[in-house]
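Asker: just coords:
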Ligand SMILES: Nc1ncnc2c1ncn2[C@@H]1O[C@H](COP(=O)(O)OP(=O)(O)OP(=O)(O)O)[C@@H](O)[C@H]1O
Ligand code: SF4
Ligand SMILES: [Mg+2]
């Protein structure tokens with residue numbers, strides 16, 4: 001088994017607003033190994049992006065990481081000064097976000113942005129060499145006429161091409177970890193498949209680990225090895241992709257999958273909607289946060305928050321936060 005690359009312990013992130021304190025990430029702990037492809041799924045507002053941003057120190061006010069530790073390659077990165085965190089991002093961790101326009105500088109050419117990204121972390125490289133590398137990277141992410149397009153500005157690229165540029169920048173320094181938050185949502189199906197192939201190649205060639213945040217269960221089924229289901233700031237179920245589609249320990253996972261019960265029948269598209277709404281993260285119900293929407297809820301669920309139960313199903317570990325997880329997997 002590959003070594004642990006990322007270790008997150010007790011991470012808690014809050015947004016303090018006039019309407020209250022929203023606990024977007026609530027005491028989340030997990031580990032990620034080299035070469036692992038982890039999918040994080042959950043409805044809108046469940047805290048997926050807040051978690052990703054908290055890991056790399058990019059939470060901005062009114063948000064704040066109030067507790068927890070993040071270790072990367074055995075070194076604590078949480079709480080590092082911003083300058084050092086900037087070095088971690090872009091060198092050890094590559095970030096790909098849904099909206100490439102937000103990440104790219106509109107007044108700098110694509111070439112300059114990639115070259116800067118490379119030279120920030122590899123100062124010994126001359127401009128010419130960095131430029132050659134930039135062209136190579138653009139070719140690798142299949143930007144046609146890479147050499148010619150280096151001088152273009154972000155607005156001259158299509159949405160799909162901008163996304164590839166962001167991926168090229170994320171890959172520029174061969175990071176150990178890539179965090180991709182809805183990286184393919186804005187792309188057409190063919191481009192989506194190419195981007196995922198590219199990420200897949202990185203994993204097999206360089207043992208890069210990937211955290212893929214997505215609404216799309218089809219992508220999780222095709223791409224990921226393991227999956228964490230997020231609800232109201234917590235992981236309510238964690239297991240392998242195969243196990244998740246075989247049997248769901250948590251009623252929320254079951255609800256997510258209900259209209260797409262088998263991976264081979266999965267439609268590419270958003271998560272099916274579940275009756276009711278997620279709770280406000282500023283006013284969580286006592287007991288299980290899924291109880292108001294859970295068809296299996298009992299008296300105990302409204303009184304007591306479920307602890308994490310560790311189970312094994314068909315030789316596969318499953319962690320679930322439901323009072324009845326054990327019984328559910330047995331049936
Ligand atoms: N800037 C902010 N100000 C106040 N609250 C915020 C802010 N950003 C996030 N939150 C809180 O954090 C929660 C989680 O938001 P987050 O963006 O992580 O959700 P998400 O799972 O990524 O959703 P989506 O699938 O829509 O991207 C929100 O429901 C909200 O309560
Ligand atoms: S603990 Fe109760 S309410 Fe929560 S998911 Fe399990 S059965 Fe549903
Ligand atoms: Mg998000």
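Answerer: Yep, that arrived. This structure is a prediction, so every number in the text was calculated from the model and none was measured. Ligands and ions are numbered 1, 2, ... in the order given.
Asker: Name the residue of the stretch 201-331 of the chain with the shortest distance to ligand 1.
Answerer: Residue nearest to ligand 1 within the stretch 201-331 of the chain (C-beta to the nearest ligand atom): residue 281, separated by 4.4 Å. The way it works is simple: take the backbone N, C-alpha and C, and place the C-beta from them, glycine included.
Asker: and that residue, helix, strand or coil?
Answerer: At residue 281 the chain is in coil, as set by DSSP: H, G, I helix; E, B strand; the rest coil.
Asker: For it, the count of nearby residues, please.
Answerer: Residues lying near residue 281 (other C-beta atoms under 10 Å) number 22.
Asker: again, but for residue 233
Answerer: Residue 233 has 27 nearby residues by other C-beta under 10 Å.
Asker: Likewise for residue 201?
Answerer: By other C-beta under 10 Å, 12 other residues sit near residue 201.
Asker: again with residue 316
Answerer: For residue 316, the count of nearby residues is 15 (other C-beta under 10 Å).
Asker: how about the residues of the stretch 51-200 of the chain that lie near ligand 1?
Answerer: Proximity of the stretch 51-200 of the chain to ligand 1, by C-beta under 6 Å from any ligand atom, involves residues 62-63.
Asker: And the strands in the stretch 51-200 of the chain?
Answerer: Ranges of strands within the stretch 51-200 of the chain are 63-72, 75-76, 93-96, 177-181, based on DSSP state E, counting those that start in this stretch.
Asker: As TSV, those with mean pLDDT and mean neighbour count would be great.
Answerer: Output for the strands of the stretch 51-200 of the chain, formatted as TSV (pLDDT from 0 to 100; neighbours: other C-beta atoms under 10 Å):
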stretch	mean pLDDT	mean neighbour count
strand 63-72	98	17
strand 75-76	98	10
strand 93-96	94	24
strand 177-181	96	23
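Asker: so residue 54 touches residue 14, yeah?
Answerer: No. Contact criterion C-beta atoms under 8 Å: residue 54 and residue 14 do not qualify, at 10.3 Å.
Asker: for the closest residue to ligand 2 within the stretch 101-250 of the chain, what are its contacts?
Answerer: Closest to ligand 2 within the stretch 101-250 of the chain is residue 250: 5.8 Å, counting by C-beta to the nearest ligand atom. By C-beta atoms under 8 Å, 6 or more residues apart in numbering, the contact set of residue 250 is 229, 236-237, 290, 320-322, 325, 328.
Asker: Kindly state the pLDDT recorded for the residue nearest to it when sequence neighbours are not counted?
Answerer: With C-beta to C-beta, 6 or more residues apart in numbering as the criterion, residue 250 has its nearest non-adjacent residue at 4.2 Å, and that residue is residue 237. What the model reports as pLDDT for residue 237 is 98.
Asker: so is residue 237 in a helix, a strand, or just coil?
Answerer: strand.
Asker: what about it, distance to residue 308?
Answerer: Here the criterion is C-beta to C-beta, to the nearest Å. By it, residue 237 lies 10 Å from residue 308.
Asker: which neighbours do the two share?
Answerer: 319-321.
Asker: Looking at those, which are in strands?
Answerer: Of these, the ones assigned to strands by DSSP state E are 319-320.
Asker: Show me what the one residue sitting closest to the centre of the chain bridges to in the sheet.
Answerer: By C-alpha atoms, centre = their mean, the chain has its centre lying nearest to residue 213, at 3.3 Å. Legend: beta-bridge partners of residue 213 under DSSP bridges are residue 40, residue 181.
Asker: isn't it right up against residue 46?
Answerer: No. The pair residue 213 / residue 46 is not scored as a contact, 10.2 Å apart, by C-beta under 8 Å.
Asker: shared neighbours of those two, anything?
Answerer: Counting by C-beta under 8 Å, 6+ apart, nothing touches both residue 213 and residue 46.
Asker: for the stretch 51-200 of the chain, which spans come out with low pLDDT?
Answerer: Scanning the stretch 51-200 of the chain for pLDDT under 70 picks out nothing.
Asker: Can you check which of the strands of the stretch 51-200 of the chain gets nearest to residue 156?
Answerer: Residue 156 sits nearest to strand 93-96 of all these, at 20.5 Å, using C-beta to C-beta.
Asker: Check which helices and strands the closest one sits against.
Answerer: Helices and strands touching strand 93-96, by 3 or more C-beta pairs under 8 Å, 6 or more residues apart in numbering; DSSP states H and E, are helix 159-171, strand 177-181.
Asker: before we move on, the earlier item: would you mind telling me which of the strands of the stretch 51-200 of the chain is nearest residue 153?
Answerer: Evaluated over those, closeness to residue 153 peaks at strand 93-96, with 20.0 Å, by C-beta to C-beta.
Asker: And for the closest one, what's in contact with it?
Answerer: 56, 72, 89, 103, 163, 166-167, 169-173, 175-181, 183.
Asker: ok, what's across the strand from residue 15?
Answerer: Per DSSP bridges, the residues bridged to residue 15 are residue 22, residue 63.
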